[in-house]
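In: Mind folding the following:
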Amino acid sequence: MVTAERQKGKYVYYRCSHGRGKCALPYMREEELSDRMGELLKDLYVPETIARGIVDSLQSDSAHAEAERQKRITEAR
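Out: Below you'll find the model as predicted:
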């Protein structure tokens with residue numbers, strides 16, 4: 001289990017959330033995680049309709065998270 005954290009306002013790191021005990025790898029940059037996941041998933045076939053649904057869901061989640069972040073920034077002022 002991992003948790004994402006933004007550092008210095010622009011870098012995303014993933015770290016172990018200790019859901020199953022301590023991890024050997026304390027944190028990982030988003031780019032490295034993306035590369036590793038890409039290697040695992042490169043031969044996976046996903047039908048276009050399923051892929052589009054996944055992309056739409058991720059974009060919606062991202063937009064919602066950004067709206068919540070902006071709301072917290074505005075409220076903090």
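In: Tell me how many other residues crowd Ala67.
Out: 10 (other Cβ atoms under 10 Å). Backbone N, C-alpha and C define where each C-beta goes, glycine included.
In: Who are the packing partners of whichever strand or helix holds it?
Out: Using DSSP states H and E, Ala67 sits in helix 48-76. Helix 48-76 makes packing contacts with no helix or strand when contacts are defined by 3 or more Cβ pairs under 8 Å, 6 or more residues apart in numbering; DSSP states H and E.
In: so where is this structure shaky, pLDDT-wise?
Out: Regions of the chain meeting the criterion pLDDT under 70 are absent.
In: the domain parsing of the protein - what is it?
Out: 1-42, 45-77 (automatic domain parsing).
In: List the buried residues in stretch 31-41.
Out: Leu33 (16 or more other Cβ atoms under 10 Å).
In: Would you mind writing the CA trace of that stretch as PDB?
Out: The C-alpha coordinates for stretch 31-41 follow below in PDB (Å, rounded to 0.1, in the frame of the first residue of the first chain):
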ATOM      1  CA  GLU A  31       8.500   8.800 -13.000                       C
ATOM      2  CA  GLU A  32      10.200   5.700 -11.700                       C
ATOM      3  CA  LEU A  33       6.900   4.200 -10.600                       C
ATOM      4  CA  SER A  34       5.400   5.000 -14.000                       C
ATOM      5  CA  ASP A  35       8.300   3.300 -15.800                       C
ATOM      6  CA  ARG A  36       8.000   0.200 -13.600                       C
ATOM      7  CA  MET A  37       4.300  -0.100 -14.000                       C
ATOM      8  CA  GLY A  38       4.700   0.400 -17.800                       C
ATOM      9  CA  GLU A  39       7.000  -2.500 -18.000                       C
ATOM     10  CA  LEU A  40       4.500  -4.700 -16.100                       C
ATOM     11  CA  LEU A  41       1.600  -3.600 -18.200                       C
END
